[in-house]
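Q: predicted model and sequence follow; I will ask about them next.
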Amino acid sequence: MGKSQLEDDLARRIDHAGLPTPERQYPFAASVGRKHRFDFAWPDRMLAVEVDGGTHLAVGNRAVGWHASKDDYRKRNLAAMLGWRILAYRPDMIRSGDAIFDLTHLLLSARTDSEGIIERQAYYLAQESAARRRKRLKAGAKRRGR
C-alpha cells in the first residue's frame with residue numbers, strides 16, 4: 001500500500017470515528033523560509049500527523065525496523081521548535097487502530113461539544129477489535145487445515 005493510500009485510509013478512519021476533519025497537506029514553516037507540509041494537521045490545536053510510508057531498514061536480508069530519512073527528522077524537529085505536536089504512524093499502527101486511539105484522546109480531550117463522540121469512538125474501537133479477532137481466528141483455522 002502506497003503512502004497516499006495509507007493517508008486516504010487514515011482519513012476514512014478519522015471521519016468514521018467522528019473526529020474533527022484535518023487539513024491535508026498543510027503547509028507550515030513558510031515564516032522561516034521552508035516549504036514543508038504535514039500529511040494531516042489541525043492548525044487550531046497545533047497538532048500534526050505524519051504517515052510513514054513503510055520504508056524498512058534492512059541488515060543483510062533481514063528487516064530490522066522502520067527508517068525515516070534525515071529530511072523527515074529535520075522537518076519534525078523544526079515543527080516541534082515552532083510549537084507543533086507531531087504524531088507519526090507506520091502502516092501497521094494505522095491498521096491496528098493505534099492512530100485513531102491517540103487522535104481521539106488528543107482531539108476530544110479539549111472539546112466541550114463531545115457528547116456522543118466518545119460513544120461512537122467506543123463503538124468504532126469495538127468494531128476494529130472484532131474485525132481483528134475474526135481475522136486471527138480465520139488465520140488459525142487455515143493453519144490447522146479447517
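A: Looks like it came in fine.

Q: could you work out the end-to-end span of stretch 74-88 for me?
A: 14 Å (CA to CA, to the nearest Å).

Q: helix, strand, or coil at Ala20?
A: For residue 20 the amino acid is Pro, not Ala. coil (DSSP: H, G, I helix; E, B strand; the rest coil).

Q: I'd like the distance between it and Gln5.
A: To Gln5, Pro20 is 22 Å away according to CB to CB, to the nearest Å. C-beta here means a position set from N, CA and C on the backbone, and glycine is covered the same way.

Q: Leu19 now?
A: 20 Å.

Q: chain center to the helix or strand containing Phe40: distance?
A: Element membership for Phe40 (DSSP states H and E) is strand 36-42. From the chain centre to the centre of strand 36-42 is a distance of 12 Å (CA atoms, centre = their mean, to the nearest Å).

Q: how about stretch 33-41?
A: 16 Å.

Q: buried set for it?
A: The neighbour-count check on stretch 33-41 (16 or more other CB atoms under 10 Å) flags His36, Arg37, Phe38, Asp39, Phe40, Ala41 as buried.

Q: the last one pairs with what?
A: Spelled out, it's Ala41. Under DSSP bridges, the beta-bridge partners of Ala41 are Glu23, Ala48.

Q: and Tyr26, that's in a strand?
A: Yes: judged by three-state DSSP, Tyr26 forms part of a strand.
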